[in-house]
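1. no sequence for this one, just the structure:
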(Lines give C-alpha, C1' and ligand atoms only; values in the text may rest on other atoms or scores of the structure.)
Protein backbone atom coordinates (compact mmCIF):
# COMPACT_ATOMS: atom_id res chain seq x y z
CA UNK A 1 0.00 0.00 0.00
CA UNK A 2 1.48 3.37 -1.02
CA UNK A 3 1.95 6.16 1.46
CA UNK A 4 0.69 9.70 1.08
CA UNK A 5 3.27 12.39 0.39
CA UNK A 6 3.85 14.88 3.20
CA UNK A 7 3.27 18.50 2.27
CA UNK A 8 6.68 19.84 3.21
CA UNK A 9 7.65 22.87 1.13
CA UNK A 10 10.43 24.90 2.73
CA UNK A 11 10.09 27.60 0.06
CA UNK A 12 6.57 28.29 1.38
CA UNK A 13 7.94 29.39 4.77
CA UNK A 14 7.80 33.17 4.72
CA UNK A 15 10.20 35.48 6.54
CA UNK A 16 11.17 39.09 6.09
CA UNK A 17 10.06 42.69 6.59
CA UNK A 18 7.36 44.37 4.56
CA UNK A 19 6.12 47.86 3.83
CA UNK A 20 2.72 49.35 4.54
CA UNK A 21 1.18 51.43 1.74
CA UNK A 22 -1.89 53.61 1.43
CA UNK A 23 -2.96 52.91 -2.16
CA UNK A 24 -3.96 56.08 -3.99
CA UNK A 25 -6.04 54.30 -6.63
CA UNK A 26 -7.02 50.73 -5.69
CA UNK A 27 -7.32 47.98 -8.28
CA UNK A 28 -10.68 47.64 -9.97
CA UNK A 29 -13.14 44.82 -9.40
CA UNK A 30 -11.85 43.27 -12.63
CA UNK A 31 -8.11 43.41 -11.93
CA UNK A 32 -8.21 42.72 -8.13
CA UNK A 33 -4.42 42.71 -7.62
CA UNK A 34 -1.99 45.62 -7.45
CA UNK A 35 0.26 46.52 -10.34
CA UNK A 36 3.76 46.40 -8.83
CA UNK A 37 6.95 47.94 -10.10
CA UNK A 38 8.98 45.09 -11.60
CA UNK A 39 12.26 46.01 -9.90
CA UNK A 40 11.32 46.92 -6.32
CA UNK A 41 7.74 45.74 -5.65
CA UNK A 42 6.36 49.19 -4.91
CA UNK A 43 2.90 50.16 -6.20
CA UNK A 44 3.19 51.26 -9.82
CA UNK A 45 2.98 55.08 -9.92
CA UNK A 46 0.87 55.09 -13.10
CA UNK A 47 -1.65 52.43 -12.05
CA UNK A 48 -1.80 53.59 -8.42
CA UNK A 49 -0.94 57.31 -8.32
CA UNK A 50 -0.60 59.13 -4.99
CA UNK A 51 0.23 55.94 -3.06
CA UNK A 52 2.07 56.64 0.20
CA UNK A 53 4.50 54.41 2.10
CA UNK A 54 3.92 54.69 5.86
CA UNK A 55 7.63 54.25 6.63
CA UNK A 56 9.58 51.84 8.77
CA UNK A 57 7.94 49.41 11.16
CA UNK A 58 8.98 48.45 14.66
CA UNK A 59 7.97 44.80 14.78
CA UNK A 60 6.47 43.77 11.48
CA UNK A 61 3.01 43.87 9.96
CA UNK A 62 0.07 41.64 10.89
CA UNK A 63 -2.67 40.77 8.41
CA UNK A 64 -5.71 39.12 10.00
CA UNK A 65 -8.89 37.56 8.62
CA UNK A 66 -11.39 36.39 11.24
CA UNK A 67 -14.47 34.38 10.39
CA UNK A 68 -17.32 34.17 12.87
CA UNK A 69 -19.72 31.35 12.03
CA UNK A 70 -22.97 30.84 13.91
CA UNK A 71 -24.31 27.34 14.54
CA UNK A 72 -27.66 26.15 13.25
CA UNK A 73 -29.18 23.89 15.90
CA UNK A 74 -32.32 21.80 15.81
CA UNK A 75 -34.05 20.01 18.62
CA UNK A 76 -33.73 16.69 16.81
CA UNK A 77 -29.91 16.64 17.05
CA UNK A 78 -27.49 17.08 19.93
CA UNK A 79 -24.86 18.75 17.74
CA UNK A 80 -25.23 21.66 15.29
CA UNK A 81 -26.43 20.49 11.89
CA UNK A 82 -24.86 23.36 9.94
CA UNK A 83 -23.63 26.90 10.32
CA UNK A 84 -23.70 30.24 8.53
CA UNK A 85 -21.32 33.16 8.22
CA UNK A 86 -22.20 35.82 10.77
CA UNK A 87 -19.17 38.11 10.40
CA UNK A 88 -15.93 38.37 8.46
CA UNK A 89 -13.38 40.81 9.88
CA UNK A 90 -10.16 41.73 8.07
CA UNK A 91 -7.45 44.04 9.37
CA UNK A 92 -3.87 45.14 8.89
CA UNK A 93 -1.91 46.24 11.96
CA UNK A 94 1.60 47.54 12.51
CA UNK A 95 3.72 49.57 14.89
CA UNK A 96 5.23 52.39 12.88
CA UNK A 97 8.52 54.09 13.71
CA UNK A 98 8.42 57.30 11.70
CA UNK A 99 6.71 60.23 13.42
CA UNK A 100 6.45 62.76 10.59
CA UNK A 101 3.19 64.69 10.94
CA UNK A 102 2.12 64.00 7.34
CA UNK A 103 2.40 60.25 8.03
CA UNK A 104 0.58 60.54 11.36
CA UNK A 105 -2.41 61.91 9.46
CA UNK A 106 -3.00 58.42 8.04
CA UNK A 107 -3.48 56.98 11.52
CA UNK A 108 -5.81 59.82 12.54
CA UNK A 109 -7.87 60.02 9.38
CA UNK A 110 -10.28 62.62 10.76
CA UNK A 111 -7.42 65.08 11.24
CA UNK A 112 -6.49 67.83 8.79
CA UNK A 113 -2.87 68.03 7.68
CA UNK A 114 -1.35 71.32 6.55
CA UNK A 115 2.11 72.75 6.06
CA UNK A 116 3.67 76.14 5.39
CA UNK A 117 7.03 77.77 5.87
CA UNK A 118 8.56 76.42 9.07
CA UNK A 119 6.00 73.83 10.17
CA UNK A 120 3.83 70.79 9.49
CA UNK A 121 0.69 70.33 11.56
CA UNK A 122 -2.25 68.03 12.15
CA UNK A 123 -5.37 69.66 13.56
CA UNK A 124 -8.33 67.62 14.78
CA UNK A 125 -11.83 68.02 16.13
CA UNK A 126 -15.18 68.74 14.50
CA UNK A 127 -15.04 66.21 11.65
CA UNK A 128 -17.45 63.31 12.09
CA UNK A 129 -17.08 61.66 8.66
CA UNK A 130 -14.44 58.93 8.71
CA UNK A 131 -12.80 58.63 5.28
CA UNK A 132 -12.02 55.28 3.71
CA UNK A 133 -9.08 54.24 1.52
CA UNK A 134 -7.20 51.17 0.31
CA UNK A 135 -4.17 49.80 2.17
CA UNK A 136 -1.63 47.12 1.32
CA UNK A 137 1.21 45.27 3.04
CA UNK A 138 3.86 44.30 0.47
CA UNK A 139 6.61 41.87 1.50
CA UNK A 140 9.43 40.48 -0.64
CA UNK A 141 9.56 36.68 -0.74
CA UNK A 142 12.83 35.27 0.53
CA UNK A 143 12.96 32.63 -2.20
CA UNK A 144 13.52 34.84 -5.23
CA UNK A 145 14.05 38.34 -6.50
CA UNK A 146 11.05 40.39 -7.62
CA UNK A 147 8.60 38.00 -5.94
CA UNK A 148 6.18 39.37 -3.35
CA UNK A 149 3.42 38.54 -0.90
CA UNK A 150 0.66 41.15 -0.84
CA UNK A 151 -2.19 41.68 1.63
CA UNK A 152 -4.65 44.28 0.34
CA UNK A 153 -7.83 45.77 1.77
CA UNK A 154 -9.78 47.53 -1.00
CA UNK A 155 -11.66 49.83 1.38
CA UNK A 156 -10.79 50.39 5.02
CA UNK A 157 -10.59 52.99 7.73
CA UNK A 158 -8.20 53.61 10.58
CA UNK A 159 -9.19 52.42 14.04
CA UNK A 160 -7.68 53.32 17.38
CA UNK A 161 -6.39 56.83 16.73
CA UNK A 162 -2.92 57.83 17.90
CA UNK A 163 -0.83 57.17 20.98
CA UNK A 164 2.60 58.77 20.74
CA UNK A 165 5.19 58.13 23.43
CA UNK A 166 8.29 60.23 24.01
CA UNK A 167 11.06 58.80 26.17
CA UNK A 168 14.76 59.27 26.75
CA UNK A 169 15.38 55.53 26.81
CA UNK A 170 13.21 54.37 23.92
CA UNK A 171 12.47 55.71 20.47
CA UNK A 172 8.95 56.84 19.65
CA UNK A 173 6.52 54.57 17.83
CA UNK A 174 2.78 54.53 17.20
CA UNK A 175 0.44 51.63 16.52
CA UNK A 176 -2.01 51.63 13.64
CA UNK A 177 -4.93 49.35 12.82
CA UNK A 178 -6.80 49.45 9.54
CA UNK A 179 -10.10 47.56 9.41
CA UNK A 180 -11.58 46.34 6.13
CA UNK A 181 -15.00 47.49 4.99
CA UNK A 182 -17.25 45.70 2.49
CA UNK A 183 -17.30 47.47 -0.88
CA UNK A 184 -20.73 46.49 -2.17
CA UNK A 185 -19.88 47.73 -5.67
CA UNK A 186 -17.47 44.79 -6.03
CA UNK A 187 -18.32 41.22 -6.97
CA UNK A 188 -19.53 38.92 -4.20
CA UNK A 189 -16.59 36.91 -2.85
CA UNK A 190 -14.09 39.75 -3.33
CA UNK A 191 -15.66 42.75 -1.65
CA UNK A 192 -13.17 43.25 1.20
CA UNK A 193 -9.67 42.37 0.05
CA UNK A 194 -7.18 39.91 -1.38
CA UNK A 195 -4.08 38.10 -0.12
CA UNK A 196 -1.76 36.72 -2.80
CA UNK A 197 1.77 35.89 -3.80
CA UNK A 198 3.43 36.58 -7.12
CA UNK A 199 5.00 33.61 -8.92
CA UNK A 200 6.87 35.33 -11.77
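-> Perfect, thanks for sending it. Please read all numbers here as calculations on a predicted model, not as lab measurements.
2. helices and strands of this protein: which one has the lowest mean pLDDT?
-> Averaged element by element with mean pLDDT, DSSP states H and E, the chain has its least confident helix or strand at helix 101-104 (a mean of 90).
3. What residues of that one count as buried?
-> Neighbour-count burial for helix 101-104, counted by 16 or more other C-beta atoms under 10 Å, picks out 103-104. From N, CA and C alone the C-beta is placed, and that goes for glycine too.
4. beta partners for the spatially most central residue of the chain?
-> With distances taken as C-alpha atoms, centre = their mean, the residue of the chain nearest its centroid is residue 92 (3.8 Å). With beta bridges defined as DSSP bridges, residue 92 has these partners: residue 63, residue 178.
5. and residue 143, what pLDDT?
-> The per-residue pLDDT reported for residue 143 equals 88.
6. Can you tell me the element it falls in?
-> Using DSSP states H and E, residue 143 sits within no helix or strand.
7. what about it, neighbour count?
-> The burial metric for residue 143, expressed as a neighbour count using other C-beta atoms under 10 Å, is 13.
8. wait, doesn't it sit right on residue 11?
-> Yes. When contacts are counted by C-beta atoms under 8 Å, residue 143 is listed as touching residue 11 (4.6 Å).
9. show me the contacts for residue 96.
-> 20, 54-58, 103, 107, 173-176 (C-beta atoms under 8 Å, 6 or more residues apart in numbering).
10. Pull out the buried members of the residues you listed.
-> Those of the contacts of residue 96 that meet the buried threshold are 20, 54, 57, 103, 107, 173-174, 176, by 16+ other C-beta under 10 Å.
11. Could you dump those residues into JSON lines and include secondary structure and distance to residue 3?
-> Formatted as JSON lines, those follow (DSSP: H, G, I helix; E, B strand; the rest coil; distance: C-beta to C-beta, whole Å):
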{"residue": "20", "secondary structure": "strand", "distance to residue 3": "43"}
{"residue": "54", "secondary structure": "coil", "distance to residue 3": "48"}
{"residue": "57", "secondary structure": "strand", "distance to residue 3": "43"}
{"residue": "103", "secondary structure": "helix", "distance to residue 3": "53"}
{"residue": "107", "secondary structure": "coil", "distance to residue 3": "52"}
{"residue": "173", "secondary structure": "coil", "distance to residue 3": "49"}
{"residue": "174", "secondary structure": "strand", "distance to residue 3": "52"}
{"residue": "176", "secondary structure": "strand", "distance to residue 3": "47"}
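12. If we only consider these, which is nearest to residue 137?
-> Here the nearest of those to residue 137, counting by C-beta to C-beta, is residue 20; it sits at 5.6 Å.
13. how near is that closest one to residue 200?
-> With distances taken as C-beta to C-beta, to the nearest Å, residue 20 is found 25 Å from residue 200.
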